[in-house]
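Student: everything below, folded, please.
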Amino acid sequence: MSVETERTYRRHLLQALGWVCVGLGAIGVVLPIMPTTVFLLVALWAFARSSPKLHAWLLNNPHFGPYIADWENHRVIPVRAKIMAVGMMTASGLWLAFGTSAPLFVVLGVIAVMLCVAVFILTRPSYPTI
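Tutor: Now for the predicted structure:
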C-alpha cells in the first residue's frame, strides 16, 4: 500500500471519528447522562488532523464553537460550563447512589472517576490570560 493511500485512509477514518463524535455530542445536549464537550473535543482533534474545512466548521458553530474554541486556543473552561459539568456529575452520582440498586463498588468507582474529572475541570482557568 502506498503512503498516499495510507494517508487517504487515515484522513477518512479521522473524519468518520469526528462525525461520530459530533453525533454523540449532539445526543449529549439532550441526554444528561451523555457528555457533550468530551465528544466535541475529540471531533475537533480528529477534524484538525483530517479536514481544515470541518475543523473551521466546528469552531464556527454558533452553539458549540465558542466553548471548544476557548479550550483549543487558551485551555479555558468557562465558569458556566464548570457549574453545569460539576452539577450534572453531582446529580448523576446522587441518582446512581440513591436511585438505583447498583453495587457499592460500582457507585464508589463511578463517583471516584467523576471526582477526578471534577477536580480537573475546576482547576482549569476560567478566563484567558493575557
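Student: secondary structure class for V22?
Tutor: Three-state assignment for V22 (DSSP: H, G, I helix; E, B strand; the rest coil): helix.
Student: tell me who's in contact with the closest residue to it other than its chain neighbours.
Tutor: Counting by Cβ to Cβ, 6 or more residues apart in numbering, V22 lies nearest to A43, which is 4.8 Å off, once chain neighbours are set aside. C-beta here means a position set from N, CA and C on the backbone, and glycine is covered the same way. Residues in contact with A43 (Cβ atoms under 8 Å, 6 or more residues apart in numbering) are L17, G18, W19, C21, V22, G25, L58.
Student: point out where this protein drops to low pLDDT.
Tutor: By pLDDT under 70, the low-scoring segments of the chain are 32-33.
Student: okay, now the domains of the chain?
Tutor: Domain ranges of the chain: 1-74, 77-130, per automatic domain parsing.
Student: which SS state does the most centrally placed residue in the chain fall under?
Tutor: When Cα atoms, centre = their mean is applied to the chain, the residue found nearest the centroid is V38 (1.0 Å). Here V38 is recorded as helix under three-state DSSP.
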